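>>> quick one, fold the following:
(one chain, ligands or ions: 2)
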Amino acid sequence: MDFATIVKLSAQHAKPAGLILQYGTAGFRTKAEHLDHVMYRMGLLAVLRSKQTTSTIGVMVTASHNPEEDNGVKLVDPLGEMLAAAWEEYATSLANAEEQDLATVLRDISQKESVSLQQDAFVAVGRDTRPSSENLSQAVIDGVTAFGAQYHDYGLVTTPQLHYIVCCRNTKEQYGTSTVKGYYQKLSKAFTELRKQASSYGDSPRVVKVDGANGIGALKLKEMQPYLQKECLIELFHDGTTGKLNCACGADFVKVQQKPPRGIKMQPNEKFCSFDGDADRIVYYYVDSSSQFHLLDGDKIATLISTFIKELLVKVGLSLKMAVIQTAYANGSSTRYLEETMKVPVYCTKTGVKHLHHKAQESDIGVYFEANGHGTVLFSKTAEETIRQLAKREMDAEKKKAAKMLENTIDLINQTVGDAISDMLIIEAILVLKKLTVQQWDAVYTDLPNRQLKVKVADRRVIDTTDAERRVVTPPGLQENIDELVKKYRLSRAFVRPSGTEDVVRVYAEADTQGNADALAHEVSLAVFHLAGGIGEPPKPL
Ligand code: NG1
Ligand code: ZN
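Residues are numbered from 1 along each chain as shown. Ligands and ions are numbered 1, 2, ... in the order given. As a prediction, this is how the structure comes out:
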């Protein structure tokens, strides 16, 4: 194929000479004004991937929990998974090629991956509510059309909705109808069925107050509300009508700051949750009668869901292999509870859902969650078929009910990717079914106090890690330093890693008290600052 047209049209989305961007934890992410050429080129890459896989590929324009000024792009593979790791390298070389090298890079990728250029291609495009997203998604579309490929612009959608749509399109709609309406119908039907199995609400409050991070999640949840009828009473705040996206609100703010979003009043017994800017993460929280804030993060969610599924499996007498997948950020108490009390195998992978997702695929039922609230459950084909067959069979009423509940759980969960809306509905259903208040759910185990900090360094790539990012290999001496600091505190643990989405090094520490976790995190930050080329002022104590 002659790439001349593509190169010619690229002039309208020209790359600033010399600008180099890295493919991060979840795609490219930086200031929106640096991304026009990246979007055009990701349109091209999506076409190549679509031709190679003979499937629809998704391109989502979003920077998730980053500030409104940033933007980014996530590519969605045929079954709704994140782009295959091998293609991240192509994404990087394509995004960073100077204009005159564009055709060569496209040709190289096509040859390496034996892409049949005559093959048809189809790209599904979606975007979040950032002011820059509309133009940037147009740049993606320009790339797709420059290649002569087909596309559908799904416009404003959450990231998980685009993943769902891609999966539906590529499974001949077996996974569901490939529209946003289809998504609402599938999830609300499963939720209503599941909810119906509960005899009463018990003490579980019906209302859930949802912080939409002033983003796409708020918009889409509003759209979905009529489908949920009275089964789940949602009160939205930070719904985007006034505030700025992710500004002092949203799941990342609540998780990292360990405090409620700005501007809300919380009464004891009220139940809250926060979505992030593209609605693929969720965390819950409440205040107790002494106004103490309590966070229920991805670890608590993984525990709630895996316990629920395990109990149902026992009831129906199925011995499917279930595992929970976490990252180094998982609270030590959650891992201990899952392994020791729940007797569920737990695995630790590197940060980034692509790693967790991959590991979860090894089990019949893989429950994966990052502590920040990004996660879902994967059911293997065999597990899904076994459960669906069982739910059809005539048997003891209690067993049948449990089998039906498992089947509805499969349908309610967005298996393609972590999904704040789907996760919220499964949590709400479980709380009702188990007659749990959010406080009772929280009391299952007690989190170890922890602290997350960021350190600015000249080049974060000087930090190299091993053992699922729990240990540092370079710069020399840093790990030894961390080991010494950790020894000073009880029940302590600490690690550092370069962020894949921000230009910072992340520091995590946990210990027996909040004071000790804060002190340890600060001391480790100082070690990073001194040994890994910190810039600006040294980190100050908390
Ligand atoms: P980085 O910036 O690589 O730490 C963050 C999150 C990840 C993941 C990605 C993608 C933490 C500590 N890190 O990655 O878990 O969600 O963003 O959004 O929360
Ligand atoms: Zn997100």
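
>>> can we go C-alpha only for contacts and neighbour counts from here?
Fine.

>>> quick one: stretch 258-277 near ligand 1?
No. Among the residues of stretch 258-277, none lie within reach of ligand 1 under CA under 6 Å from any ligand atom; the closest is 9.3 Å away.

>>> now that stretch: how far from the chain's centre is it?
Centroid separation for stretch 258-277 versus its chain: 20 Å, with CA atoms, centre = their mean, to the nearest Å.

>>> now do the buried residues in that stretch.
Across stretch 258-277, burial judged by 16 or more other CA atoms under 10 Å covers 258-261, 266, 269-277.

>>> would you turn those residues into a markdown table with secondary structure, pLDDT and distance to Lys209?
Output for the buried residues of stretch 258-277, formatted as a markdown table (DSSP: H, G, I helix; E, B strand; the rest coil; pLDDT from 0 to 100; distance: CA to CA, whole Å):
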| residue | secondary structure | pLDDT | distance to Lys209 |
| --- | --- | --- | --- |
| Gln258 | coil | 90 | 17 |
| Lys259 | coil | 95 | 15 |
| Pro260 | coil | 97 | 12 |
| Pro261 | coil | 97 | 12 |
| Met266 | coil | 95 | 10 |
| Asn269 | coil | 81 | 12 |
| Glu270 | coil | 93 | 8 |
| Lys271 | coil | 95 | 6 |
| Phe272 | strand | 98 | 5 |
| Cys273 | strand | 98 | 6 |
| Ser274 | strand | 98 | 9 |
| Phe275 | strand | 98 | 11 |
| Asp276 | coil | 98 | 14 |
| Gly277 | coil | 97 | 17 |
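
>>> how about TSV for the residues you listed, with distance to Arg29 added?
TSV is the format used below for the buried residues of stretch 258-277 (distance: CA to CA, whole Å):
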residue	distance to Arg29
Gln258	25
Lys259	26
Pro260	26
Pro261	24
Met266	34
Asn269	38
Glu270	35
Lys271	32
Phe272	29
Cys273	25
Ser274	22
Phe275	19
Asp276	15
Gly277	13
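
>>> how about those residues, which pair is most distant?
Pairwise distances among the buried residues of stretch 258-277 were taken by CA to CA; the largest, 26.2 Å, belongs to Asn269 and Gly277.

>>> re the thing from before, from the buried residues of stretch 258-277, which is closest to Leu491?
Gln258 (20.0 Å).

>>> residues contacting the closest one?
Neighbour list for Gln258: 293, 295 [criterion: CA atoms under 8 Å, 6 or more residues apart in numbering].

>>> quick check: it vs His294, distance?
8 Å (CA to CA, to the nearest Å).

>>> what sits in contact with each of those two?
When CA under 8 Å, 6+ apart defines a contact, no residue borders Gln258 and His294 alike.

>>> which strand or helix spans whichever residue of the chain sits closest to ligand 1?
Proximity of the chain to ligand 1 (CA to the nearest ligand atom) peaks at Gly500, 3.4 Å away. Assigned by DSSP states H and E, Gly500 belongs to no helix or strand.

>>> next one: Glu428
Under the criterion of DSSP H and E, Glu428 resides in helix 420-433.

>>> what's the next secondary structure element after that helix?
Downstream of helix 420-433, the next assigned helix or strand under DSSP H and E is helix 438-442.

>>> tell me how far that next one lies from the chain's centre.
Worked out by CA atoms, centre = their mean, helix 438-442 lies 23 Å from the chain centre.

>>> what comes up buried for that helix?
438-439, 441-442.

>>> could you dump the residues you listed into a markdown table with distance to ligand 2 and pLDDT added?
Shown next, in a markdown table, are those (distance: CA to the ion, whole Å; pLDDT from 0 to 100):
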| residue | distance to ligand 2 | pLDDT |
| --- | --- | --- |
| Val438 | 24 | 94 |
| Gln439 | 26 | 94 |
| Trp441 | 24 | 96 |
| Asp442 | 24 | 97 |
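
>>> ok, back up a step: out of the buried residues of stretch 258-277, who's nearest Val76?
Looking across the buried residues of stretch 258-277 and measuring by CA to CA, the closest to Val76 is Gly277, at 17.7 Å.

>>> spell out which residues of the chain are next to ligand 2.
Taking CA under 5 Å from the ion as the measure of proximity, the chain contacts ligand 2 at 64, 278, 280.

>>> among those residues, who's most crowded?
Of all the residues of the chain next to ligand 2, Asp278 has the most neighbours under the rule other CA atoms under 10 Å, reaching 34 neighbours.

>>> the residue in the stretch 101-250 of the chain that ligand 2 sits nearest to - nearest residue in space that isn't next to it in sequence?
Relative to ligand 2, the nearest point of the stretch 101-250 of the chain is Thr159 (7.4 Å; CA to the ion). Spatial nearest neighbour of Thr159, excluding adjacent residues (CA to CA, 6 or more residues apart in numbering): Asp278 at 5.6 Å.

>>> isn't that neighbour right up against Pro67?
No. If you go by CA atoms under 8 Å, Asp278 and Pro67 don't touch, sitting 11.8 Å apart.

>>> which residue, other than its chain neighbours, is closest to Gly27?
Using CA to CA, 6+ apart, the closest residue to Gly27 is Lys74 (5.2 Å).

>>> so which strand or helix has that neighbour?
strand 70-76.

>>> do a quick rundown of the strands in the stretch 101-250 of the chain.
Remark: strands assigned in the stretch 101-250 of the chain by DSSP state E, counting those that start in this stretch are 122-127, 150-156, 207-211, 233-237.

>>> got the contact list for the third one?
Read that as strand 207-211. Among residues not part of strand 207-211, those counted as contacts by CA under 8 Å, 6+ apart are 218, 232-239, 249-250, 261, 270-275.

>>> what separation do you get for Glu81 and Asn372?
19 Å.

>>> any regions of the stretch 51-200 of the chain where pLDDT drops low?
For the stretch 51-200 of the chain, the stretches with pLDDT under 70 are 200.

>>> residue of it nearest ligand 2, please.
Closest point on the stretch 51-200 of the chain to ligand 2, by CA to the ion, is Ser64, at 3.9 Å.

>>> buried ones in stretch 388-398?
Neighbour count says stretch 388-398 has 388, 390-391 buried, by 16+ other CA under 10 Å.

>>> nearest to ligand 2, of the residues you listed?
Nearest to ligand 2 among the buried residues of stretch 388-398, counting by CA to the ion, is Arg388 at 31.1 Å.

>>> which residues touch the residue of the chain closest to ligand 1?
23-26.

>>> in this structure, which residue is closest to the centre?
For the chain, the residue nearest the mean C-alpha position is His374 (3.6 Å; CA atoms, centre = their mean).

>>> list the contacts of that residue.
Per CA under 8 Å, 6+ apart, neighbours of His374: 280-282, 298, 353, 418-420.

>>> so what pLDDT did it get?
His374 is assigned a pLDDT of 97 by the prediction.

>>> what does Asp203 give?
For Asp203, pLDDT reads 61.

>>> quick revisit: and the contacts of Gly500 as CSV, adding pLDDT?
Output for these, formatted as CSV (pLDDT from 0 to 100):
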residue, pLDDT
Tyr23, 88
Gly24, 82
Thr25, 79
Ala26, 82
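
>>> the residues you listed: which ones sit near ligand 1?
Within the contacts of Gly500, those near ligand 1 by CA under 6 Å from any ligand atom are 25-26.

>>> which among the contacts of Gly500 gets closest to Lys487?
Thr25 (30.6 Å).

>>> these two touch, right, that closest one and Gly352?
Yes. Between Thr25 and Gly352 there is a contact under CA under 8 Å: 5.5 Å.

>>> quick one: which of those two has more around it?
Neighbour count, other CA under 10 Å: between Thr25 and Gly352, Thr25 has more, with 18 against 15.
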